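**Student:** Starting from these lines, generate the structure:
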Amino acid sequence: MTILFLDQYSDLGGGQLCLLDLLPALRRAGFAVHAAIPGDGAFAARLAAAGAVVHPLCLPALSTGRKTPADALRFAARLPAVTREIRLLAGRLCPALIYVNGPRLMPAVAAARLNVPVLFHAHNRLHAAQRVLVRVAVARCRATVVAASRFVWPHADRVVYSGVAGPQAPRHNPAPHPRIGLIGRIAPQKGQLPFVRAARRLPEEWRFVLCGATQFADPRYLDVLRREAPASVTFLGWRDDVYGVLASLDLLVVPSAGEGGVPRVILEAFAVEVPVLALDSGAIPEVVRDGVNGFLLSSTQDLTRRLKELLSERDLLGQVARRARRDYETRFTADRYRQELWALVEDLSNTRQAAAAASPTPAAPRTGPL
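**Tutor:** Modelled structure (predicted):
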């Protein structure tokens, strides 16, 4: 059987990593995996390396985050062409399932009017206008909705939290002075600016680590951070070994403002037994329980005070980190994530097989107007 993935990005973000996590299970089950994405960025290379056949989509280049009216107009102008591409590709591949890994392609899938089960994976909460458009598209093609959190899509058919492939055992490399880190894409919504400003008000011997690159954001933001940062802040840039960076920390700070799904780095910190202080925002409180398996921050303005409190209670940090590791082992492994999504994919693709067996002729894409 064949599965066709559709994604609106060619670079790596959280949603793209989630899709890559699923591919090994599909390949082991014997699926032929095809993916249609715009461009030839790092995501395309990783898909090909995982055994997927990658097809181009004529989408305009888009970055993550809030889009401008010009972005919306450029995307709308390409929608008919993208719809034709999806219709032709589905007609040629005859997939058992179309897996839509981002909201902007849902209207095109609905317009293509395909007799194929559709799974829409919602990774981020949509703004009001986009939410209406995507909900209409989901209803028209009777898509099954799987959400990365309840916050993202409260009435999803299934909520599946991400999972990560952590180390077999926790790792921690102690340092003589506290080491506090922030790991993630360098962008204003990720909260690096409050982090470096808090560092200026904390003891000089404390060490702060910023790990990440300006993958989608204006690179001038990084210049602002460097100007604001005291000497105690180290900029690591992008690092592939996230667990190596985490193992050097006494505390991970996640001041991201409500983007939708649970930030992947929180689960990675759970896996390596590093305590987490995260903003009480978006889906984060669905996973982080204050004082139990992590700590919640009411506002980034309160960051300095909370860091002083937590770094003075090393025993509490250790207890919370150990409970977080147990949560990782039972709820947030990559294997658990694959099993949950695989069960859903299998159900939907079996529906397609049963329909094809009952039909005297192969189901063909519908070509009428939306």
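
**Student:** Point out where this protein drops to low pLDDT.
**Tutor:** Filtered on pLDDT under 70, the chain yields the residue ranges 60-75, 215-217, 258-259, 351-370.

**Student:** Where do the helices of the stretch 251-370 of the chain begin and end?
**Tutor:** Along the stretch 251-370 of the chain, counting by DSSP state H, counting those that start in this stretch, helices occupy 264-272, 303-311, 314-331, 334-358.

**Student:** Summarise which helices and strands the first one is packed against.
**Tutor:** Helix 264-272 is packed against helix 242-247, strand 251-254, strand 276-279, helix 314-331, with contacts defined by 3 or more C-beta pairs under 8 Å, 6 or more residues apart in numbering; DSSP states H and E. In short, each C-beta sits where N, CA and C put it, glycine included.

**Student:** how does it look with 10 Å?
**Tutor:** helix 14-28, strand 179-183, helix 242-247, strand 251-254, strand 276-279, helix 314-331, helix 334-358 (3 or more C-beta pairs under 10 Å, 6 or more residues apart in numbering; DSSP states H and E).

**Student:** how far out from the middle of the chain is the fourth one?
**Tutor:** When distances are taken as C-alpha atoms, centre = their mean, to the nearest Å, strand 251-254 is centred 18 Å away from the chain's centroid.

**Student:** which helices and strands sit right next to it?
**Tutor:** strand 179-183, helix 192-200, strand 207-211, helix 264-272, strand 276-279, strand 295-297, helix 303-311, helix 314-331.

**Student:** ok so, going back, which stretch among the helices of the stretch 251-370 of the chain is buried most, on average?
**Tutor:** helix 264-272 (a mean of 26; mean count of other C-beta atoms under 10 Å).

**Student:** on that earlier part again, including distance to residue 78, could the helices and strands packed on strand 251-254 go into CSV?
**Tutor:** As requested, the helices and strands packed on strand 251-254 are exported to CSV (distance: least, C-beta to C-beta, whole Å):
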stretch, distance to residue 78
strand 179-183, 34
helix 192-200, 33
strand 207-211, 35
helix 264-272, 30
strand 276-279, 35
strand 295-297, 40
helix 303-311, 42
helix 314-331, 40
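
**Student:** What are the neighbouring residues in contact with residue 153?
**Tutor:** Counting by C-beta atoms under 10 Å, 6 or more residues apart in numbering, residue 153 touches 120-126, 131, 134-135, 138, 145-147, 159, 260.

**Student:** Drop anything exposed from the residues you listed.
**Tutor:** 120-126, 134-135, 138, 145-147, 159, 260 (16 or more other C-beta atoms under 10 Å).

**Student:** Tell me the buried residues in stretch 185-195?
**Tutor:** 185-187, 189-195.

**Student:** How about residue 124: what's its closest non-neighbour residue?
**Tutor:** Spatially, and ignoring its direct neighbours in sequence, residue 124 is nearest to residue 260 (3.4 Å; C-beta to C-beta, 6 or more residues apart in numbering).

**Student:** which residues sit in contact with the one you found?
**Tutor:** 14-15, 122-126, 147-149, 151-153, 282-283.

**Student:** Name the residues that touch stretch 310-323?
**Tutor:** With C-beta under 10 Å, 6+ apart as the criterion, stretch 310-323 contacts 170, 172, 177-180, 202-203, 206, 250-253, 269-270, 272-277, 288-295, 309.

**Student:** can we see that at 8 Å?
**Tutor:** Residues outside stretch 310-323 that contact it (C-beta atoms under 8 Å, 6 or more residues apart in numbering) are 170, 178, 180, 206, 250-251, 273-275, 277, 291-295.

**Student:** Restricted to buried residues, select the residues you listed in ChimeraX.
**Tutor:** In ChimeraX, a selection of the buried entries from the contacts of stretch 310-323 looks like this (16+ other C-beta under 10 Å):
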select :170,178,180,206,250,251,273,274,275,277,293,294,295
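
**Student:** Out of the contacts of stretch 310-323, flag the one nearest to residue 27.
**Tutor:** residue 170 (29.8 Å; C-beta to C-beta).

**Student:** Find the nearest non-adjacent residue to the closest one, please.
**Tutor:** Nearest non-adjacent residue to residue 170 (C-beta to C-beta, 6+ apart): residue 273, at 3.4 Å.

**Student:** wait, that neighbour sits on residue 326?
**Tutor:** No: Residue 273 is beyond contact range of residue 326, at 9.6 Å (criterion: C-beta atoms under 8 Å).

**Student:** picking up where we left off before, pull the most distant pair out of the contacts of stretch 310-323.
**Tutor:** Maximum distance among the contacts of stretch 310-323 (C-beta to C-beta): 25.5 Å, for 206 and 292.

**Student:** Export stretch 30-46 to PDB, keeping only CA atoms.
**Tutor:** Extracted in PDB, the C-alpha atoms of stretch 30-46 (Å, rounded to 0.1, in the frame of the first residue of the first chain):
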ATOM      1  CA  GLY A  30       5.500  -2.400   4.100                       C
ATOM      2  CA  PHE A  31       4.000   1.000   3.100                       C
ATOM      3  CA  ALA A  32       5.400   2.700   0.000                       C
ATOM      4  CA  VAL A  33       5.900   6.300   1.400                       C
ATOM      5  CA  HIS A  34       5.600   9.300  -0.900                       C
ATOM      6  CA  ALA A  35       5.800  13.000   0.200                       C
ATOM      7  CA  ALA A  36       4.900  16.100  -1.700                       C
ATOM      8  CA  ILE A  37       6.500  19.300  -0.300                       C
ATOM      9  CA  PRO A  38       7.700  22.600  -1.700                       C
ATOM     10  CA  GLY A  39      11.500  23.200  -2.300                       C
ATOM     11  CA  ASP A  40      14.400  21.000  -1.500                       C
ATOM     12  CA  GLY A  41      15.400  22.000   2.100                       C
ATOM     13  CA  ALA A  42      16.600  19.900   5.000                       C
ATOM     14  CA  PHE A  43      13.200  18.200   5.400                       C
ATOM     15  CA  ALA A  44      13.300  16.900   1.800                       C
ATOM     16  CA  ALA A  45      16.800  15.400   2.400                       C
ATOM     17  CA  ARG A  46      15.700  13.700   5.700                       C
END
